[in-house]
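1. Dropping a prediction and its sequence here:
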2 protein chains.
Amino acid sequence: MATAELLKRVPESVSTAFRNKKVLITGGLGFIGSNLAQALVGLGAKVTILDALLPQYGGSHFNLQGIESQLELVDGNILDDELVEKLVTGTNFIFHLAGQIGYLDAKDQPLTDLDFNGRGNLIMLEAVRRQAPKARLMFSSSRLVYGKIQSLPVTEEHPTNPQSLYAIHKLLGEKYYAYYAHNFEVGGVSIRIPNPYGPRQQMKHSKYSIVGWFVRQAMDGETIKIFGDGSQQRDYIFIDDIVDACLRLIVQGQAGEVYNVGSHEKLTFNNMVDTILQQVGSGQKQNVSWPKDYEKNETGDYVADTSKIEQAVDWKPQVNFADGIAEMVQYYRENKQEYW
Amino acid sequence: MATAELLKRVPESVSTAFRNKKVLITGGLGFIGSNLAQALVGLGAKVTILDALLPQYGGSHFNLQGIESQLELVDGNILDDELVEKLVTGTNFIFHLAGQIGYLDAKDQPLTDLDFNGRGNLIMLEAVRRQAPKARLMFSSSRLVYGKIQSLPVTEEHPTNPQSLYAIHKLLGEKYYAYYAHNFEVGGVSIRIPNPYGPRQQMKHSKYSIVGWFVRQAMDGETIKIFGDGSQQRDYIFIDDIVDACLRLIVQGQAGEVYNVGSHEKLTFNNMVDTILQQVGSGQKQNVSWPKDYEKNETGDYVADTSKIEQAVDWKPQVNFADGIAEMVQYYRENKQEYW
């Protein structure tokens, strides 16, 4: 298991902050939430997970394998304000990860996306303001808040012109955390995550993670389709680097601020696919033209400038793409039946 | 009535666009909505007003004096998606002005503000996308989306760091209109209004418009309190200039775009108060220190750069502050009993 290695990376000033502390993870059965839970249980935190396990949303009980008995799992919805208020009371740290995932779902269900990705944050922040004003929070935002990229690498000051409802609501969430920090001293920070990948990612459909889907296709010996010429650069970041960043930021990040994370790797889409095919050892690729719906959301190349988080909490990405994919492939070889 | 003069300013290419056309104004009993209704009835449009006349929200039947019989008034809420869908069907122009007004209310009722200023726009845009895809829309945003001002005059590219929930949700609304324009070719434009004043503004309390409140205090012979030294610059814009801008933009503005309006006057708070006292001929002023709640929302001086709207639709502000206040005072002298 990667958790032990990951925990070695976290500085003592961060890891001790969680010992015997109450930590709430909403969406804790999902990809990022469950990896955080694995790490936090390892650090001796008293973890509670709130997850509604909505169909298609990527959550899985199997993601908690090995730690099920060491945490409390609450089956509930982040829009249930009474439940949220009850759960945050007495809590020290809150990782708020529950939400609708993926910009394609948001297009079909705009009001649902507003509820989960907008209203859900407002309910959480109001609950914390009233019941746990000293708690520290972390909000998972997305690099998609930037929209069309105007200059590389992208700093946190880059204009925010989101091109999807999903990204609009992520930007809304960020603004809420900034507002509650400045007006009520609620200690929340936001992290802008680019393309995440790694173990415990859902693998049933292609809507949330193209890397996950390509790994599955390669493992199944299928043909990976590349839209366009595959020259666009993306910032793929391994889950352990994200978990490391989240742990540091919730303890030491500045309330109300937004932080980029990224891998510094400048991989093209083609590089990404080639690495997956290489690491998996099966499957092939094929270039096809862009589907109509996708094209409008194409943002151009993306590479994050991560100076801000490096200066704030001494974080750096530490897993290169080939190694991350190798670890991911190994995880899914061992647990394929749970995710396919 | 000022309407006749105002209508002379509107170019024929704009005014003819409304003749015999169906126009929906949400919040049409309010300050800006009712002035728009007065103008649009004058231009021969078939006007429907949707207004819930929520207590304290500034709407008044008296605002429609003289045109009541020439329009349809629907008592209903913008969150009623079935009603909204019915009303937009067959409509050519929609001025979406209904919403919660004022950043102080938003602080106490965050979820209500999200509903009226966020969700209400999403419901409207979804209804238009489905039932009136050729309709043109106008969304009234606020200069408060900019937050702390970094450089003057402020262009539309200035960073948006809203400092209140009210302003956060106005920014959310703008992003929705941009999204629906780019993804579904829904023809909506947003206007960032600074401090509006003029006839038909509500005068019962101080929460929505400091100019309105000071005019009332002066007319009542009271003492106007100035927070701090009164040196901060604000951009006060007369209602006729706003109506002129709205009429031009909904016809000729570019879908998905955001436009500043402003007076170019660079008045300080002291200038504003002195002009009011002068025009009214009664009342006095007094400098006092800032109340605690206000200070955090102080944005610094604000003057709008209006190059974008000038180039797009040949609009310019035409009423200076002294003349605008004179007209406003005359209106409230004649109709005091309806507004006090």
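-> Happy to help now that I have it. The structure displayed is predicted, hence computed values, not measured ones.

2. Name the surrounding residues that touch stretch A:321-333.
-> A:2, A:197-201, A:203, A:211, A:215-216, A:219, A:236, A:238-240, A:263, A:265, A:267, A:271-272, A:275-276, A:278-280, A:319, A:339 (CB atoms under 8 Å, 6 or more residues apart in numbering or on different chains). Yep, even glycine has a C-beta here, placed from its N, CA and C like the rest.

3. Pull out the buried positions in that stretch.
-> Residues A:F321, A:G324, A:I325, A:A326, A:E327, A:M328, A:V329, A:Y331, A:Y332 are the ones in stretch A:321-333 that count as buried (16 or more other CB atoms under 10 Å in any protein chain shown).

4. what's the spacing between that stretch and its chain's center?
-> On the basis of CA atoms, centre = their mean, to the nearest Å, the separation between the geometric centre of stretch A:321-333 and that of its chain is 18 Å.

5. Tell me what A:V154 is bridged to.
-> Beta-bridge pairing for A:V154 (DSSP bridges): A:A304.

6. Ignoring the adjacent residues along the chain, who's closest to A:V84?
-> A:A127 (4.7 Å; CB to CB, 6 or more residues apart in numbering or on different chains).

7. so how far is A:I78 from the one you found?
-> Taking CB to CB, to the nearest Å as the criterion, A:A127 is separated from A:I78 by 10 Å.

8. Need the residues touching each of those two.
-> Contact criterion CB under 8 Å, 6+ apart; residues bridging A:A127 and A:I78 by contacting each: A:V84.

9. okay, those two: which has more neighbours?
-> Under the criterion of other CB atoms under 10 Å in any protein chain shown, the comparison of A:A127 against A:I78 puts A:I78 first, with 26 against 23.

10. Next, give phi and psi for the more buried one.
-> With angles defined as degrees, to the nearest 10, A:I78 shows backbone torsions of phi -70, psi -10.

11. If I follow the layout properly, it ends up in contact with A:V84?
-> Yes: A:I78 is within contact range of A:V84, at 6.3 Å (criterion: CB atoms under 8 Å).

12. shared neighbours of those two, anything?
-> With CB under 8 Å, 6+ apart applied, the overlap between the contact sets of A:I78 and A:V84 consists of A:L50, A:I123, A:M124.

13. ok, so of these, who is nearest chain B?
-> Sorting those by distance to chain B puts A:I123 at the head of the list, at 7.5 Å, by CB to the nearest CB.

14. In a markdown table: the buried residues of stretch A:321-333, plus secondary structure, pLDDT and distance to A:L6.
-> Compiled in a markdown table, the buried residues of stretch A:321-333 are given as follows (DSSP: H, G, I helix; E, B strand; the rest coil; pLDDT from 0 to 100; distance: CB to CB, whole Å):
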| residue | secondary structure | pLDDT | distance to A:L6 |
| --- | --- | --- | --- |
| A:F321 | helix | 98 | 17 |
| A:G324 | helix | 97 | 12 |
| A:I325 | helix | 98 | 17 |
| A:A326 | helix | 97 | 16 |
| A:E327 | helix | 97 | 11 |
| A:M328 | helix | 97 | 14 |
| A:V329 | helix | 97 | 18 |
| A:Y331 | helix | 97 | 14 |
| A:Y332 | helix | 97 | 18 |
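
15. out of the residues you listed, who's nearest chain B?
-> The nearest one, if we look at the buried residues of stretch A:321-333 relative to chain B and count by CB to the nearest CB, is A:F321, at 31.4 Å.

16. Could you tell me how far that closest one is located from A:V215?
-> A:F321 is 12 Å from A:V215, where distance means CB to CB.

17. go on, A:E85?
-> Taking CB to CB as the criterion, A:E85 is separated from A:V215 by 40 Å.

18. Who has more neighbours out of the two?
-> The residue with more neighbours, out of A:E85 and A:V215, is A:V215; 26 against 17, by other CB under 10 Å.

19. and A:Y208, what pLDDT?
-> pLDDT recorded at A:Y208 is 75.

20. Who does the closest residue to A:I210 other than its chain neighbours form a beta bridge with?
-> Spatial nearest neighbour of A:I210, chain neighbours left out: A:N195 (7.2 Å); criterion: CB to CB, 6+ apart. With beta bridges defined as DSSP bridges, A:N195 has these partners: A:Y236.
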